[in-house]
Structures are given as structure tokens and as C-alpha cells.
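Visitor: curious how this folds, go ahead:
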Amino acid sequence: MIVTGILLSAYVRKNAERDFQSLLLAYTYNLMGAIDADQGGNVSGDPNLGDPRFQQPLSGWYWSVATAADPRNPLIHSTSIAGDQLDMAHNDHKPFNEEFQRLTDVVDEAGNAVQRLEAQLLVGDSGTLFQVLVAGNKQIIETTVSEFQRTLVLFFFLFGVGTILATYFVIRVGLRPLSVAAESLHNVRDGREETLVGKFPNEIQPLVNEINGLIGANRSVVERARTQVGNLAHALKTPLAVIMNEVRKPGKATAKTVSEQASLMQSQVQTYLDRARIAAQRNVLGGRVAVEPVLEKISRVMSKLNQNVDFELKTISSDVVFKGEEQDLEEAVGNLLENASRFANARVLMEVTEPDENTETHERFLISIEDDGPGLDKAARIKALKRGIRLDESQPGSGLGLSIVRDIAMEYGGSLQLQDSRMGGLRAVLILPKVIPR
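Guide: Here you go, the predicted model:
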């Protein structure tokens, strides 16, 4: 629109200048037809160009008649010329054209930008060459162009605002089906729907069909993976169970060693199977579970198993939803509570908090479990997260608890941190993704 405005303004200016020159030429012909000269070269006549501006002093509109030999001393002139001579910055070096005319731009004594048209001709039978001059104020050109530009700016402003509003509403209406599809896809990812639902235009329906096909294919792949994992679990667990039963029979000298190794193998097989299951579930759409009910259930179970320990649960928000599978959340929290209850003196505190919304982790939530036991130093914390490490050999276990929790958290893009507890023991902070409400 800006370029168009510049081009239109240039075109209007060019037309205004051409019309202005045509007006000067018409006045010149009128002036040439209204004068006469006798044998002695005396000019007579009473030119009336019909424009009152030629009567206003220093208006920028002038006419005069002089001899070609002395053009600066007019014989007759308009009343707009003060005195007998018009003081203008002359340009007498410019030659006349083939029609004995020349057009020049000058400035009069009042400071007006003036364009003058001069023409030479023979008048009557005197044989004297006369020179007529008609000058006009070029302000009329600027006024015409300025008025056009103001009108153009107003028109383009209204047109631009109208175009923006029309485009806005067209885009809003035209792209609304995509917003509906995006909302439906978000519901699928959060587990509220299984496929994209809704009525879509013909242009978008193929995309919706392809997305629904992709969701179905994803579910099929994950189901096949789960089936294979289950088959592998049964294929490995049965031989291990047979081995463990055999080594428990009396008279086996190596029974204890084989039993320990078989138990460790069984734990590790289960761990890797769980990791494979978590990896498959993490890429499946729709996993979500409310956090508080799960924690309350685990806390009740642990309280029954450890009646000498007081389990306390604090949540800052009851609507925190874990973006994952319930089994994984139960396993991670269960392992942490089991470790805390094993080393706690009398109390275990479990809290659910959310990070500051201004941080990059606003899509996460925190589960902290701390006890009043002996705790761990920094070196022991690092060692405790390694697979198969048991810091207390007097307690039963495989040394896989914390490493399993860490693996579960990492599979979901979270983490596990071990810190000092405010109660003097160990504080485990589990960071997991949450469902963002819309």
C-alpha cells in the first residue's frame, strides 16, 4: 500500500504539472489575441484573462508584454506586478523551442515558486518582435497533490484496517477446525479420548484420519511389545524358579551361593523387563494418574507393615496428576518408602510439592520422602544410586531399589535426588512430569 501510494502520488503530481502548463499556455494564447501594435511599435489592448489572481499584488500570477529586445521592461503588465517591473530570478539563457516558447521555474520577490511561460511573436504591421510572459504560482500544484495525498492516506488507512479485520476473522473462522483438532489431540495425549473426534472440513479430514491411524498403529506396536515382554518374563522366570527350588533341597553344598545368584538374576531380569515396559509406556499416548490417592494407598500399606513408624503425608494440591502409568508411580514411591521405613527411627514424612511456575520445571512435580534415621553422607549417596549396591548388608534386599526408582524417573524425563533431611536422616526427592490442566 505504501508503494502504491507513492506511485499514485507521483502520477497525480505529473498530471497536475501538465495541467498547470496547459493553463499557462491557454492564458498565453488569450494574452496574444488581446494585444495589437501600430506602425511605431506602440502596444494597445486591454487583456482580461478572467482570473482575479492577476489583480492581486505579488500573488505569484503575472502577465506582461515587452519587446524581445528589452524583455525586462514591460510595456503593459498585470496589476499583480508591483511597480513597472517584476523582480524575478530570470533564466534568459534557456533557448526558445521551435514554437518560439520557453518554460522556466523562478522565484518572485515575494518568495513564491513561480513557473513562467514566455512566447515571442510579431504583432500587427509594426514589424517589431514582441515577447509575452505569463507566470503562475506553483503552489496550486502542491495544494492539489497534498489534497490527494490526504484523501489517499485516509482511504488507505480505512482500507488497511478493514483488510486486517477481515483477514483476522477469515483466519479465525478458517483455522478454527485446526484448533479443534489440536484440542482433541491434546485430550488424546492426556488420556481423555482415544482418537481425534469431531466434524472437520474436507481439507482437514485426511490429516485427522492419518493422525488417528498413527495413534492406532502406535497402540498396536506397544501392545505387541507388551506381549513379547510378558512372554519373555514367563520364559525366564520358570527356569529360575526351578533352579531355586533345586538348590534349596538338602545336601546341596553350593545351595546358598546358587540361591543368592539366582535371586539376583531374577531381580535383574525383572528390573530390565520393567525398564522395557516403562520405555514402551512412556511413548504411549494417554497415561495419567492422580497422585494423592496412590500415595495414600501406599502409605496405608506401609503403616500396616511398619507399625512402629509414623507415616505422614502432606500435599499442597490434591489435583496433581502424574503423566504416566500408575504401576510405575507405585513402584517408585514404594521403593522409597520401604527404604525410609527400614532406616527411620520413628517417623517418615512424604510431601507432594510443585516447583515455581517461573522456572523451566513448571511441568514437573516433586515427591519428597524423608526420615529421621542416621542418613547418608555425600559419598554414600552417590554409591547408593548404583545398581546392586547394598550399604547395609544386615538388611535383606538386592540393592536395586534406589536404582530402579532412578531409572523410572529418568525414563519419564525426571530425576531422583538424595539430600539431607530436615529431621536428621535422608531426604529423597523424586521429580516426575505432571499433566498441565487447560
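
Visitor: can you tell me the helix or strand for the residue lying closest to Leu196 once chain neighbours are set aside?
Guide: Take Leu196 and drop its neighbours on the chain: the residue closest to it by CB to CB, 6 or more residues apart in numbering is Ser184, 4.5 Å away. No exception for glycine: its C-beta is placed from N, CA and C like everyone else's. Secondary-structure assignment from DSSP states H and E places Ser184 in helix 176-189.

Visitor: ok, back up a step: enumerate every residue touching the residue nearest to Leu196.
Guide: Ser184 is in contact with Glu193, Leu196, Val197, Gly198, counting by CB atoms under 8 Å, 6 or more residues apart in numbering.

Visitor: and Arg18, by the same measure?
Guide: Applying CB under 8 Å, 6+ apart to Arg18 gives no contacts.

Visitor: list the buried residues in the helix or strand hosting it.
Guide: For Arg18, the element it lies in under DSSP H and E is helix 2-33. Neighbour counts using 16 or more other CB atoms under 10 Å place Ser9, Val12, Arg13, Ala16, Phe20, Leu24, Leu25, Tyr27, Thr28, Asn30, Leu31, Met32 of helix 2-33 among the buried residues.

Visitor: over to stretch 40-57?
Guide: Taking 16+ other CB under 10 Å as the basis for neighbour counts, the residues of stretch 40-57 that come out buried are Val43, Pro47, Leu49, Asp51, Phe54.

Visitor: roughly how far does the fourth one sit from Thr4?
Guide: With the distance defined as CB to CB, to the nearest Å, Asp51 ends up 35 Å from Thr4.

Visitor: go on, the first one?
Guide: Relative to Thr4, Val43 is positioned 51 Å away (criterion: CB to CB).

Visitor: what's the answer for the third one, then?
Guide: Applying CB to CB, one obtains 38 Å for the distance of Leu49 from Thr4.

Visitor: now swap in the last one and tell me
Guide: Taken as CB to CB, the spacing of Phe54 relative to Thr4 amounts to 38 Å.

Visitor: mind checking how far stretch 142-158 is from the chain centre?
Guide: 35 Å (CA atoms, centre = their mean, to the nearest Å).

Visitor: with stretch 335-350 instead?
Guide: 48 Å.

Visitor: not counting sequence-adjacent ones, nearest residue to Leu366?
Guide: On the basis of CB to CB, 6+ apart, the spatially nearest residue to Leu366 that is not a chain neighbour turns out to be Thr353, at 4.8 Å.

Visitor: test my guess that that neighbour contacts Phe365.
Guide: Yes: shown here, Thr353 and Phe365 form a contact pair, counting by CB atoms under 8 Å, at 7.1 Å.
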